[in-house]
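In: The sequence isn't on hand, but the structure is:
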């Protein structure tokens, strides 16, 4: 939509600071060495719209400017005999009265809801705190993000004699480094327009990721300055919150710009410097604490919980090349009192890795571990889904790095907590772009009366698609939805695996055509229900034999002939077995 020479921020070249006019809310020691170019802010912070009430926003602004210099009676500079009002008259600048942000008001424009962007806005008059709150809630953007944006663009939060221009372009939206703004920028000036359109644009970045220059989950070349001669470097952007900032202000601070950061100031100008994203990070950290999501957990105080299903098998593309492997995930009852991940060698008789993760053990009904190629890097990320209990009150998705000791992302999604037995989060490459999207599969208690599939956009705050399938709502104990590339196409198919109450008296595999309104295949497998208790098994999918398609695999946890957990992998068509292997692990107790 916008070329890389453009941006919505005016602060990459010009740093307008009124450092003396604010006192930090929190004593957060800050050093430029703490800045992470690929992880400026996490989604859980960027898209959390419930962090502040109207009163809290107002109190925050009051604390930054206790006394507004409404009449310009203060000295223009320290020790100057000339007041600000006198200086303004002498230099042709705006004259008093000056209205500080804490007292500013504006009228909103009634605006209809837009899919995956913002809910409807009501036309009304409100003060700055109310407008920030209304927009934050309508668009799902953290009000703290909007306050920091107002500061890093126009110093409005701390300025005790702001000029009209600062409100006219309050968030730097449609202010360009190079060239005039396009016609689409008409009507975006003014405080409400600036706050609303900036928030809306952040959601657009997350919804339409392929339309913008900077994307999460891949390496991006990012300049140090609008001047191309200042150079650039490759940055792996870890999350959508950080991608949003770069799409809005497409420069990173160079080493010199970070070297002048201190605990008391974001720092001044340096050769080839760009400051917008540095200053965003500094102000957010100083005012509201870390820009990063929940800290990595420690298992030092972990405890185990009783009950649960025991370990679960996850198909894990452990490395970009070679076959997928099987990882046994333990949420509970571990020696380490941590969630543990044990990955088998191909022969299933020994381990590639045995890892106690950074997360304490957790009751199995309250969590699930899934695997998906979220970043398009031809390997799986392991993901902890919290469906029942979370601090945010939302379904949460926490993605490990490849050490399983730190989080790549911690995301509170846009969906409230619901009974975990009623849904699954399923990774699937639904569009064939080489990376998995996350799908929320609802089995029952749906508005349509059907099994529903809801596809998240990156960032998990908005939806890319909502589908009521051709399958009536089901008891999840009868079957579950998985994703697999069964036909060698670019995209995955969604598969309904029916474990019980089947017409054929066999385990059945039903594969949807695209759109989930009809079936590509309905297969009664070679496995009679009479030979197996559905509670003892699980069917998973992965590219086990490194061919063009995924294999479906039956994991048998209990009541096995060998007395071990067993892995049975089907050939295409699910009528014969490619392999049937007992593992090195005893089967679970009945």
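Out: Great, that's in hand. What you are looking at is a predicted structure, and each value in this text was computed from that prediction instead of being measured.
In: so residue 582 touches residue 566, yeah?
Out: Yes - Residue 582 is within contact range of residue 566, at 5.1 Å (criterion: C-beta atoms under 8 Å). Backbone N, C-alpha and C define where each C-beta goes, glycine included.
In: Between those two, which contacts overlap?
Out: Taking C-beta atoms under 8 Å, 6 or more residues apart in numbering as the contact rule, the neighbours common to residue 582 and residue 566 are residue 560.
In: contacts for the helix or strand where residue 244 lies?
Out: Residue 244 belongs to helix 240-248 when assigned by DSSP states H and E. Residues from elsewhere that reach helix 240-248 (C-beta under 8 Å, 6+ apart): 7-9, 38-43, 45-47, 172, 198, 201-202, 205-206, 209, 212-216, 220, 222, 237, 252, 276-277, 280, 458-459.
In: can we see that at 7 Å?
Out: For helix 240-248, contacts defined as C-beta atoms under 7 Å, 6 or more residues apart in numbering pick out 7-9, 38-43, 45-46, 202, 205-206, 212-216, 222, 237, 277, 280, 458-459.
In: Let's see which of those end up in helices.
Out: 43, 45, 46, 202, 205, 206, 277, 280 (DSSP state H).
In: Could you find the closest non-adjacent residue to the third one?
Out: Just to be clear, that refers to residue 46. Nearest-residue entry for residue 46: residue 241, 3.3 Å, with adjacent residues in sequence omitted and distances by C-beta to C-beta, 6 or more residues apart in numbering.
In: Count the neighbours of that neighbour for me.
Out: Neighbour count of residue 241, defined by other C-beta atoms under 10 Å: 30.
In: So residue 480 is in contact with residue 498, correct?
Out: No - contact criterion C-beta atoms under 7 Å: residue 480 and residue 498 do not qualify, at 8.9 Å.
In: and these two? which has more neighbours close in?
Out: Counted by other C-beta under 10 Å, residue 480 and residue 498 do not tie: residue 498 has more neighbours, with 23 against 18.
In: Quick check on residue 33: phi, psi?
Out: When read as degrees, to the nearest 10, the backbone of residue 33 gives phi -70, psi -20.
In: before we move on, the earlier item: okay, the ones in helices among the contacts of helix 240-248 in a markdown table with pLDDT next?
Out: Output for those, formatted as a markdown table (pLDDT from 0 to 100):
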| residue | pLDDT |
| --- | --- |
| 43 | 78 |
| 45 | 86 |
| 46 | 89 |
| 202 | 95 |
| 205 | 91 |
| 206 | 85 |
| 277 | 97 |
| 280 | 98 |
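In: buried sites along the helix holding residue 244?
Out: 240, 241, 242, 243, 244, 245, 246, 247, 248 (16 or more other C-beta atoms under 10 Å).
In: Which strands and helices lie in contact with the helix or strand where residue 62 lies?
Out: Residue 62 is located in helix 54-64, with elements delineated by DSSP H and E. Applying 3 or more C-beta pairs under 7 Å, 6 or more residues apart in numbering; DSSP states H and E, we find helix 54-64 packed against helix 128-139.
In: which helices and strands sit right next to the helix it packs on?
Out: helix 54-64, helix 143-154, helix 191-207.
In: Contacts for that helix, please.
Out: Where contact means C-beta under 7 Å, 6+ apart, the residues beyond helix 128-139 that reach it are 49, 54, 57-58, 61, 101-102, 104, 106, 108, 117-119, 121, 126, 142-143, 146-147, 191-192, 195-196, 199-200, 203.
In: so it versus helix 191-207, what angle?
Out: Relative orientation of helix 128-139 versus helix 191-207 (axes from the mean of the first three to the mean of the last three C-alpha atoms, to 10 degrees): 30 degrees.
In: Please identify the buried residues of helix 128-139?
Out: Residues of helix 128-139 classed as buried: 128, 129, 130, 131, 132, 133, 134, 135, 136, 138, 139 (neighbour count, 16+ other C-beta under 10 Å).
In: Tell me the confidence at the fourth one?
Out: I take that to be residue 131. At residue 131, the model reports a pLDDT of 97.
In: same thing with the last one?
Out: Per-residue confidence for residue 139 comes out at a pLDDT of 92.
In: Could you measure from it over to residue 116?
Out: Distance of residue 139 to residue 116, computed by C-beta to C-beta, to the nearest Å: 11 Å.
In: picking up where we left off before, quick one: which of the buried residues of helix 240-248 is nearest to residue 469?
Out: Closest approach to residue 469 among the buried residues of helix 240-248 (C-beta to C-beta): residue 240, at 27.5 Å.
In: Any regions of the stretch 101-250 of the chain where pLDDT drops low?
Out: Low-confidence segments of the stretch 101-250 of the chain, defined by pLDDT under 70: 177-181.
In: what sits against the closest residue to residue 112 other than its chain neighbours?
Out: Excluding its sequence neighbours, the residue lying closest to residue 112 (C-beta to C-beta, 6+ apart) is residue 120, at 5.5 Å. With contact set as C-beta under 7 Å, 6+ apart, residue 120 has these partners: 111, 112, 113.
In: Go again with 8 Å.
Out: Applying C-beta under 8 Å, 6+ apart, the residues near residue 120 are 110, 111, 112, 113, 138.
In: Secondary structure and distance to residue 401 for the residues you listed - can I get that in a markdown table?
Out: Putting the contacts of residue 120 into a markdown table (DSSP: H, G, I helix; E, B strand; the rest coil; distance: C-beta to C-beta, whole Å) gives the following:
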| residue | secondary structure | distance to residue 401 |
| --- | --- | --- |
| 110 | coil | 45 |
| 111 | strand | 40 |
| 112 | coil | 41 |
| 113 | coil | 37 |
| 138 | helix | 34 |
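In: For those residues, I'd like a selection string for PyMOL - just the buried members, please.
Out: Selecting just the buried residues from those in PyMOL takes one command, with 16+ other C-beta under 10 Å as the test:
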select buried, resi 111+138
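In: Return the closest of the contacts of residue 120 with respect to residue 323.
Out: residue 113 (46.3 Å).
In: measure the closest one to residue 203 for me?
Out: Separation of residue 113 from residue 203 (C-beta to C-beta): 12 Å.
In: what comes up buried for stretch 386-397?
Out: 386, 387, 388, 390, 392, 394, 395, 396, 397.
In: Ok, stretch 471-491 next?
Out: In stretch 471-491, counting by 16+ other C-beta under 10 Å, buried: 471, 473, 474, 476, 479, 480, 481, 482, 483, 484, 485, 486.
In: and residue 326, what element?
Out: Secondary structure assignment for residue 326, by DSSP H and E: strand 325-330.
In: Quick check: buried residues in that strand?
Out: Using 16+ other C-beta under 10 Å as the test for burial, strand 325-330 gives 325, 326, 327, 328, 329, 330.
In: just curious, which of the residues you listed is nearest to residue 536?
Out: The closest of the buried residues of strand 325-330 to residue 536 turns out to be residue 328 (C-beta to C-beta; 15.8 Å).
In: mind listing what the closest one touches?
Out: Neighbours of residue 328 in contact, by C-beta under 8 Å, 6+ apart: 311, 312, 313, 314, 341, 342, 343, 344, 565, 585.
In: Would you point out the most distant pair within those?
Out: For the contacts of residue 328, with distances taken as C-beta to C-beta, the pair at the greatest spread is 341 and 565 (15.5 Å).
In: So between these two, which is more surrounded?
Out: Counted by other C-beta under 10 Å, residue 341 and residue 565 do not tie: residue 565 has more neighbours, with 24 against 21.
In: Double-check that that one belongs to a helix.
Out: No - secondary structure of residue 565 (DSSP: H, G, I helix; E, B strand; the rest coil): strand, not part of a helix.
In: which residue is nearest the middle of this protein?
Out: In the chain, the C-alpha nearest the mean C-alpha coordinate belongs to residue 459, at 3.1 Å (C-alpha atoms, centre = their mean).
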